[in-house]
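>>> The sequence and its predicted three-dimensional model are supplied below.
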Amino acid sequence: MVFLAVLSVLIVVHEWGHFITAKKLGVRVERFSLGFGPKLFSKIIDGTEFLLCLIPLGGYVKMAGDERLECKGQPEEFYSKPPGHRALIVLNGPLVNFILAYVALTFVFVLGYPDLSSNIGEVMKDYPAETAGLMAGDQIIRIEHRPIENWTDVQKTIAVSREPQLDVDILRDGQPLNLTIIPKVEKIKNIFGQMQQTRMVGIRPAKDIIVHKYPFFVSVKKAGEKLYEITTMTYQAIFHMLTGSMSAKENMTGPIGIFYIIKTAADMGFSHLLYILGVISASLAIFNLLPVIPLDGGHLFLLGVERIRGKALSEKVDLAIAKIGFSLIICLALFVFYSDFVRFGWIDAIMKLLPGK
């Protein structure tokens, strides 16, 4: 139920962005649907049919004249509007997903942002931390005189420091100690599968979860920073998957994977669930802005071409682009479902059930 609730919020918010913009710009909206397939419920309000359908994996807004062939030139039709108005209608779906992500992340920081504590869980053998005298159970409170609140601070401070040695303040059994660590540089794979030089001291975090609550205006700032981080990392991941330097099969998550992510977050508490809602909402916006028909980004791309050329592409070219885009999206959908099945071991389980296996 939590999965369906989160998914429904994401879909309704996205489609509402298209819906409300179309209405404001004088476009008649014929249908607003949550889900696909057989109709479970419908109600007509102010000339728009609102539907709830059986398969909740998406939604759509049907506007009058939103297909060029069916547009009759009436002022309330989508294709009767200038390219700028049409672009705004298309853009505002992903835009409100970004807004939802920002609001959700703001409340995460207000209610309490979960993170690992700065307590050391393990000191790796023959690494600088062991040489310097760090021990499991030590709490790092400062590095290079910078206050440390959580494990993210530990990682970032070590990574950005260019000093040949690190001045580290810790608490051991409640007693303050000052140690000096000389990091060593190793080549390791980053999250995108690329080899890069990284400063290593040889410590791993304890599994202690701490929750930081921030004042509202601090939360607003931190939410913006977090949303920027999520957005840039997502675009980088897409680039690295397209260029082959990062495994798409291992890193793309489909509906099955998202179900388990949401379930785990819900079990951990409301703040975790809000965080995942924000991340997925931002990811949905980014995905929808990819320049592929039938995604919003594909429609924006064609509107950009129309603006540059001074006229739309021919209906034949439009149809060809749409067919290619739909084929790509179907292939992508099959691929992410397959990746989920592999990730959760379902492919192996199915193979074992086949005759002769």
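Perfect, I can see it now. Note that this is a predicted model, so its numbers are computed, not measured.
>>> In three-state terms, label residue 187 for me.
Taken by DSSP: H, G, I helix; E, B strand; the rest coil, the conformation at residue 187 corresponds to strand.
>>> pretty sure it contacts residue 196?
Yes - with contact defined as CB atoms under 8 Å, residue 187 reaches residue 196; the gap is 6.9 Å. Bear in mind the C-beta positions are built from the backbone N, C-alpha and C, glycine included.
>>> Residue 16 contacts residue 96, correct?
Yes - under the criterion of CB under 8 Å, residue 16 lies in contact with residue 96, with a separation of 6.6 Å.
>>> nearest residue to residue 289 other than its sequence neighbours?
residue 297 (4.1 Å; CB to CB, 6 or more residues apart in numbering).
>>> and the one you found, what is it in contact with?
Contacts for residue 297 (CB atoms under 8 Å, 6 or more residues apart in numbering) come out as 94, 288-291.
>>> Check residue 214 too.
109-110, 113, 222.
>>> Which ones among the residues you listed map onto strands?
residue 113 (DSSP state E).
>>> Look up the pLDDT of residue 329 for me, please.
If you check residue 329, the pLDDT there is 87.
>>> That one and residue 274: what is the separation?
Distance of residue 329 to residue 274, given as CB to CB, to the nearest Å: 29 Å.
>>> so how far is the helix or strand in which residue 305 is found from its chain's centroid?
Assigned by DSSP states H and E, residue 305 belongs to helix 296-309. In terms of CA atoms, centre = their mean, to the nearest Å, the centre of helix 296-309 is found 24 Å from the chain centre.
>>> next one: stretch 135-155
Using CA atoms, centre = their mean, the offset of stretch 135-155 from its chain centre is 28 Å.
>>> who touches that stretch?
Residues contacting stretch 135-155 (CB under 8 Å, 6+ apart): 115-123, 157-158, 161, 163, 166-172, 176-177, 203, 205-206, 210, 212.
>>> Now list the buried members of those residues.
Neighbour counting by 16 or more other CB atoms under 10 Å classes 115-120, 123, 157-158, 161, 166, 168-170, 203, 205-206 among those as buried.
>>> Which of these fall in strands?
Those of these lying in strands (DSSP E): 115-116, 120, 123, 166, 168-170, 203, 205.
>>> from these, which is closest to residue 265?
Of all those, the one with the least separation from residue 265 (CB to CB) is residue 115, at 14.5 Å.
>>> need the contact list for that closest one.
So residue 115 contacts 149-152, 209-212 (CB under 8 Å, 6+ apart).
>>> Those residues in strands, which ones?
Within the contacts of residue 115, residues falling in strands by DSSP E are 209-212.
>>> Could you check the pLDDT of the residue nearest to residue 289?
Residue 297 is given a pLDDT of 94.
>>> cool, residue 194 as well?
Per the predicted model, pLDDT is 62 at residue 194.
>>> ok, now the one 4 residues further on?
Looking at residue 198, its pLDDT reads 81.
>>> Next up, the contacts around the residue nearest to residue 104 when sequence neighbours are not counted.
Closest residue to residue 104 apart from its sequence neighbours, by CB to CB, 6+ apart: residue 278 at 3.6 Å. Residue 278 is in contact with 100-102, 104-105, 108, 226-227, 230, counting by CB under 8 Å, 6+ apart.
>>> And residue 92, by the same measure?
17-18, 20-21.
>>> And the protein, what are its domain boundaries?
Per the record, the chain has its domains at 2-111+271-353, 115-211, by automatic domain parsing.
>>> Show me how far the longest one is from its chain's centre.
If I follow you right, that is domain 2-111+271-353. That offset, for domain 2-111+271-353, works out to 15 Å (CA atoms, centre = their mean).
>>> Doesn't the residue nearest to residue 104 lie inside a strand?
No - read with three-state DSSP, residue 278 is helix and lies in no strand.
>>> any idea how far it is from residue 105?
From residue 278 to residue 105 the distance is 4 Å (CB to CB).
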